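Asker: Here is the input, now give the coordinates:
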Amino acid sequence: QVHLVEFGGGSVQAGGSLRLSCTASGRPFSSYAMGWFRQAPGKEREFVAVISRDGGSTYHANSVKGRFTISRDNAKNTVYLQMNSLKSEDTGVYYCAAGADYVSAKYGMDYWGKGTLVTVSS
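Answerer: All right, here's what the predicted structure looks like:
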């Protein structure tokens, strides 16, 4: 089992920045690819970004590429999502997730946090 807790959500004006973090406990953090997903009001949850176990590979959704950056610190059991140039359409609940496979991570993960709300006002 892996327990994930997200931090850093809040309200920000369009064009601003936020950094989300997610701390993991349970099984060794470096055993998992880590990802961020989000769910906007009235919409299905969507993939945002994923990072490999050692942090050497990352993949971002086209909608956030160039604005968001995923990173991790295995010594701190923490994954981050730096969000810059935020837009109103970035509003939603952001979920941290852990999975065994980096390649298929965007299609499903094994463990999920409860989410943190990000609200971007225009």
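
Asker: In the protein, where is pLDDT below threshold?
Answerer: The model of the chain has no residue with pLDDT under 70.

Asker: Spell out for me which residue occupies the centre of it.
Answerer: W36 (2.3 Å; CA atoms, centre = their mean).

Asker: Identify the bridge partners of it.
Answerer: Note on W36: beta-bridge partners by DSSP bridges are A49, C96.

Asker: wouldn't it be in contact with E46 here?
Answerer: No - here W36 lies out of contact with E46, judged by CB atoms under 8 Å, at a distance of 10.3 Å. The way it works is simple: take the backbone N, C-alpha and C, and place the C-beta from them, glycine included.

Asker: Could I get the contacting residues of D110?
Answerer: By CB atoms under 8 Å, 6 or more residues apart in numbering, the contact list for D110 reads V2, Y32, A97, A98, G99, A100.

Asker: which residues sit against the host helix or strand of the fourth one?
Answerer: Which is A98. According to DSSP states H and E, A98 maps onto strand 92-99. Strand 92-99 is contacted by residues 2, 4-6, 9, 20, 22, 24, 32-41, 43, 45, 48, 79, 81, 105, 108-118 when judged by CB under 8 Å, 6+ apart.

Asker: Of those residues, which belong to strands?
Answerer: In strands, judged by DSSP state E, the following of those are found: 2, 4-6, 20, 22, 24, 33-39, 48, 79, 81, 111-112, 116-118.

Asker: Throw the contacts of D110 into TSV and include distance to I70 and neighbour count, thanks.
Answerer: Shown next, in TSV, are the contacts of D110 (distance: CB to CB, whole Å; neighbours: other CB atoms under 10 Å):
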residue	distance to I70	neighbour count
V2	17	21
Y32	13	27
A97	12	25
A98	13	24
G99	13	21
A100	17	13
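
Asker: In JSON lines: those, plus distance to T58.
Answerer: Formatted as JSON lines, the contacts of D110 follow (distance: CB to CB, whole Å):
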{"residue": "V2", "distance to T58": "20"}
{"residue": "Y32", "distance to T58": "14"}
{"residue": "A97", "distance to T58": "15"}
{"residue": "A98", "distance to T58": "15"}
{"residue": "G99", "distance to T58": "14"}
{"residue": "A100", "distance to T58": "17"}
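
Asker: Thanks again, I'm all set now.
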